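Participant: The following comprises the amino acid sequence and a computationally predicted model.
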Amino acid sequence: MKKQLKKISFLVVSLLLANPFFAQERKFDTVIVKRQIATNDYETDTLLVQKNSMRSNQVLVGTMLLKDSRKLSRLSLSGVEALSLEMIDTCDEGQEASSSFGRSRYKLHENITDIQRKDNIVTIDVQLVSNCCNDFLGEADTRGDMIWLGYMDYGDNCLCYCTYHLRYKFDITNLDANMGLKYIGFSEKNRKRIPGL
């Protein structure tokens, strides 16, 4: 009887000690996606994302910076930190009605409407034409003497185009003077001087 009790005790202790190695629980992040499929009718999906399975834990939702992009990493090496990208005004459908030509009928797709600098924070308001049902992922990079603004529009494909008003924010506290950055824009032809540089 004592031998059986020792064997059972040994087996229980062995299982208790081995359990943390074999029964580890995987950690997941849960993302709930809700989308409208009809008036007052919504569809919900649940995504489980294993932690540390990707380089980034960033979930892409709405208009935002693509924080872990290579371009923003290069920009950071120049001493410029991209802080945010936000939509400051909703889609302006009244100005651009739907057409079979889409945005090709507009001469200027991207326009810088305002640049302001307060201390070392630079705020850039832009206007661009895109599909009425889009959101935007923003990026920026350095090209010569310019901070290049970039974006990718994504979302549903509606039958209309409109003007969006977006705002980029950058912190230039650690700007490397040797980089010679003086301008910000979408291209060499469509750029403006950064105030105070």
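Facilitator: Good, I have the coordinates.
Participant: Let me see the ranges of the helices in this protein.
Facilitator: Using DSSP state H, the helices assigned to the chain run over residues 2-22, 70-77.
Participant: Which of these comes out lowest on mean pLDDT?
Facilitator: Mean pLDDT per stretch puts helix 2-22 lowest among the helices of the chain, at a mean of 62.
Participant: Residue 175 - nearest residue in space that isn't next to it in sequence?
Facilitator: residue 79 (4.3 Å; CB to CB, 6 or more residues apart in numbering). The way it works is simple: take the backbone N, C-alpha and C, and place the C-beta from them, glycine included.
Participant: any idea of the pLDDT on that neighbour?
Facilitator: At residue 79, the model reports a pLDDT of 91.
Participant: Residue 170 is in contact with that one, correct?
Facilitator: No: checked against CB atoms under 8 Å, the pair residue 79 and residue 170 is beyond contact range at 10.3 Å.
Participant: quick one: which of the two has more around it?
Facilitator: residue 170 (23 against 16; other CB atoms under 10 Å).
Participant: Against residue 89, how distant is the residue lying closest to that one once chain neighbours are set aside?
Facilitator: The spatial neighbour of residue 170 that comes closest, neighbours along the chain excluded (CB to CB, 6+ apart), is residue 122 at 4.7 Å. Per CB to CB, to the nearest Å, residue 122 is found 20 Å from residue 89.
Participant: Look at those two and report which has more neighbours.
Facilitator: Counting neighbours by other CB under 10 Å for residue 122 and for residue 89 shows that residue 122 has the greater number, 23 against 12.
Participant: Quick one: residues contacting that one.
Facilitator: Residues counted as contacts of residue 122 (CB atoms under 8 Å, 6 or more residues apart in numbering) are 115, 116, 169, 170, 171, 172, 184, 194, 195.
Participant: Select only the buried ones of those residues in ChimeraX?
Facilitator: Buried residues among the contacts of residue 122 (16 or more other CB atoms under 10 Å), as a ChimeraX selection:
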select :115,170,171,172,184,194
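Participant: Any chance of the contacts of residue 122 in JSON lines with pLDDT and distance to residue 145 as columns?
Facilitator: Output for the contacts of residue 122, formatted as JSON lines (pLDDT from 0 to 100; distance: CB to CB, whole Å):
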{"residue": "115", "pLDDT": "96", "distance to residue 145": "15"}
{"residue": "116", "pLDDT": "95", "distance to residue 145": "20"}
{"residue": "169", "pLDDT": "97", "distance to residue 145": "21"}
{"residue": "170", "pLDDT": "96", "distance to residue 145": "15"}
{"residue": "171", "pLDDT": "95", "distance to residue 145": "19"}
{"residue": "172", "pLDDT": "93", "distance to residue 145": "14"}
{"residue": "184", "pLDDT": "94", "distance to residue 145": "10"}
{"residue": "194", "pLDDT": "91", "distance to residue 145": "10"}
{"residue": "195", "pLDDT": "90", "distance to residue 145": "15"}
